[in-house]
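Student: Need coordinates for the below:
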Amino acid sequence: MRPEYDFSKATRGMTAARYMEGTNIVILDPDVNALFPNSASVNEALRTFARLIKPRKAR
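Tutor: Reported below is the predicted structural model:
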């Protein structure tokens, strides 16, 4: 490590719990990304799709 790095006031394990929870990052292909202006619109589209394909209960 370089000498200018100062970890004397660092807190060990500060983000460890969040790291252990895992990640939820999804990489969209460029053509799909171009269809959505932001993450809220992606979430809305996915929720709509999920409602459409949700299995219906047998009568």
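Student: quick one: residue 36 and residue 8, what's the gap?
Tutor: Separation of residue 36 from residue 8 (C-beta to C-beta, to the nearest Å): 44 Å. C-beta coordinates here come from the backbone N, C-alpha and C atoms, glycine included.
Student: Tell me which of those two has more neighbours.
Tutor: Neighbour count, other C-beta atoms under 10 Å: between residue 36 and residue 8, residue 36 has more, with 14 against 4.
Student: Which residues lie in contact with the more buried one in this structure?
Tutor: 28, 42, 45 (C-beta atoms under 8 Å, 6 or more residues apart in numbering).
Student: Need the phi and psi values for the second one.
Tutor: Comment: the main-chain dihedrals of residue 42 come out as phi -70, psi -50, following degrees, to the nearest 10.
Student: Grab the nearest non-local neighbour of it.
Tutor: Of all residues not flanking residue 42 in the chain, residue 36 sits nearest, at 4.8 Å (C-beta to C-beta, 6 or more residues apart in numbering).
Student: Same check on the last one?
Tutor: Counting by C-beta to C-beta, 6+ apart, residue 36 is the residue found nearest to residue 45 once chain neighbours are left out, at 7.0 Å.
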